[in-house]
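Novice: Dropping a prediction and its sequence here:
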2 protein chains.
Amino acid sequence: MNQHFSYTNSARRDSPAYIRAVDSHLILSNIRRQVNLEPEEEAFLLAILVPAAFKQGELVQPAGEVTRSMIHVNTGCLMTYYSDRDGDEKVIQFATVGWWTGDLHSLTTHEPSVFETRALADSTIFFLPGVRMDELMSRYPVFERYFRITFQNSLVTHQKRIIQAYSFTAEERYDDFQKKYPQLEQFVPLKYVASYLGITPEFLSKIRRKRAHK
Amino acid sequence: MNQHFSYTNSARRDSPAYIRAVDSHLILSNIRRQVNLEPEEEAFLLAILVPAAFKQGELVQPAGEVTRSMIHVNTGCLMTYYSDRDGDEKVIQFATVGWWTGDLHSLTTHEPSVFETRALADSTIFFLPGVRMDELMSRYPVFERYFRITFQNSLVTHQKRIIQAYSFTAEERYDDFQKKYPQLEQFVPLKYVASYLGITPEFLSKIRRKRAHK
DNA sequence: GATTGACCTTGAACCAGGTTAAGAACAGAG
DNA sequence: CTCTGTTCTTAACCTGGTTCAAGGTCAATC
């Protein structure tokens, strides 16, 4: 990772209260798309969300530690990736506005995380601490329902990506990426796009060149 | 698909009641590993499960129809796969004892299913009809919780498979397959193993040959 | 016991995509 | 303005995996 990307100290991450006021609209309306919330449930949720702001390039969640939170993107864009045996970074997800991300494996098992999450643009997020999330769900089953639906949908998306990985060519996956994230290519370094597509930056270059000539 | 595989008529699928008695142990103990069940909750679940038996090679759920059920494997082994543009079958999951499978996308969206599920060995299963599943979850939040946990775990597994697809060689994936499904290779046609690994049967042959020589 | 069809294997030619190495374009810091 | 690090591209070569075609094995069926 380049030198401009440095791990933010915790003082920076304690962001001003106005973030909550500004962004809680979005997360609430997202949740309401799946389930109905009582005022009390809403209030409880908002009370346990931890707002934070990150500048482009900053590390949101490091690898190697036990993950303690899920992450909800309010504004901006994050990416979640891991380093393989050769130290190459492999992007497994871009999380844009309204998405959840983080290391679900580490959150579930309390093993040190493999994935790392980083801001690709200036971003505001909510952390939802795992302990609080458990509390939230056991106290208000509506959230159990919300996350059941969310995970179910995400599972479908992941199945699609497995299919793509196995039976689409790199070029077809690039097409699909452009459709799925229309604006992303403008500000995400291409090497991360290549990584997400499971190819080398060089090969992505070839594809793009071929495209340009048509 | 070979000619021995024919779609079972519905008379055959209406299996004897003893299947329920024999197999309900397993599903209940699986669920109890994640959540505690009250007698009433158990009773309701058992009342809506639809037992069925399939012989090796029989189609459990066809592609092209709207999926109306999840599938739980009690004994035996199923595979879920889809046909790509060239008509090649791509295996996306082997479901062994205690696993859930089916076409989650179709169940959720009510679009015609893309995936097809077939018995790889003589198997007994439970269908859990989608409507009943919704009813089950809204009536007893404990099931909402159970499926939330199940989907969450499955999501982690899917993430691992995406990583494998992108950064492991075919041989490494074969290793992993053998660890994950130790006995499966004995009775599953190798072409399906190859398909699951995302390679051609020919290339799997080569890997196996190389192995044998060491 | 001969035929048929499914499955598995082999080998040769081929291709999608990786590797290596080098240069070009660009941005930020001094 | 220049130095330095980073990203993106180009090109030559390499390789893991595919394709195609053929032969071998086994089980089911007549």
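Specialist: Nice, I can see it. Just so it is clear, the model here is predicted, and its values are computed rather than measured.

Novice: just the helices in chain A please.
Specialist: Using DSSP state H, the helices of chain A run over residues A:10-13, A:18-32, A:39-48, A:104-109, A:130-139, A:141-167, A:170-180, A:184-187, A:190-197, A:201-212.

Novice: Least confident of the ones you listed, on average?
Specialist: Least confidently modelled of those is helix A:10-13, at a mean of 40 by mean pLDDT.

Novice: Walk me through the domains of chain A.
Specialist: A:10-166, A:168-214 (automatic domain parsing).

Novice: Compute the distance from the centre of the last one to the centre of its chain.
Specialist: Spelled out, that is domain A:168-214. Distance of domain A:168-214 from the chain centroid (Cα atoms, centre = their mean, to the nearest Å) equals 19 Å.

Novice: next one: stretch A:24-42
Specialist: 20 Å.

Novice: coming back round to it: can you redo the helices of chain A as CSV with mean neighbour count?
Specialist: In this view, the C-beta of every residue, glycine as well, is placed from N, C-alpha and C. Shown next, in CSV, are the helices of chain A (neighbours: other Cβ atoms under 10 Å in any protein chain shown):
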stretch, mean neighbour count
helix A:10-13, 11
helix A:18-32, 15
helix A:39-48, 14
helix A:104-109, 19
helix A:130-139, 16
helix A:141-167, 20
helix A:170-180, 15
helix A:184-187, 12
helix A:190-197, 19
helix A:201-212, 13
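
Novice: which one of these lies closest to B:Ala95?
Specialist: In terms of Cβ to Cβ, the element of the helices of chain A nearest to B:Ala95 is helix A:141-167, at 13.4 Å.

Novice: The closest one near DNA strand D anywhere?
Specialist: No - interface with DNA strand D: helix A:141-167 contributes nothing (Cβ under 7 Å from any atom of the strand), its closest point being 8.6 Å away.

Novice: That helix and chain B in contact?
Specialist: Yes - counting by Cβ under 8 Å from any Cβ of the partner chain, contacts between helix A:141-167 and chain B involve A:141, A:144-145, A:147-148, A:151-156, A:158-159, A:161-163, A:165-167.

Novice: repeat for stretch A:86-104
Specialist: Yes - using Cβ under 8 Å from any Cβ, stretch A:86-104 reaches chain B at A:88, A:90, A:92, A:104.

Novice: Please flag which of those sit within strands.
Specialist: A:90, A:92 (DSSP state E).

Novice: And the residues of stretch A:86-104 next to chain B, which of them are buried?
Specialist: A:90, A:92, A:104 (16 or more other Cβ atoms under 10 Å in any protein chain shown).

Novice: Switch the domains of chain A over to CSV; also include distance to B:Pro201.
Specialist: Listed next are these as CSV, based on distance: least, Cβ to Cβ, whole Å:
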stretch, distance to B:Pro201
domain A:10-166, 14
domain A:168-214, 20
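
Novice: Send over stretch A:115-128 as CSV, restricted to the C-alpha atoms.
Specialist: This file holds the C-alpha atoms of stretch A:115-128, laid out as CSV (Å, rounded to 0.1, in the frame of the first residue of the first chain):
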residue,chain,number,x,y,z
PHE,A,115,-9.6,-8.5,5.3
GLU,A,116,-8.7,-4.9,5.6
THR,A,117,-11.0,-2.0,4.7
ARG,A,118,-9.9,1.3,3.4
ALA,A,119,-11.5,4.6,2.2
LEU,A,120,-11.2,5.1,-1.6
ALA,A,121,-12.7,8.6,-1.3
ASP,A,122,-13.5,10.9,1.6
SER,A,123,-16.2,9.0,3.4
THR,A,124,-18.5,9.1,6.4
ILE,A,125,-19.5,5.8,7.9
PHE,A,126,-21.2,4.2,10.9
PHE,A,127,-19.5,1.5,12.9
LEU,A,128,-22.0,-1.0,14.3
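
Novice: Flag every buried residue along it.
Specialist: Buried residues in stretch A:115-128 (16+ other Cβ under 10 Å): A:115-121, A:123-128.
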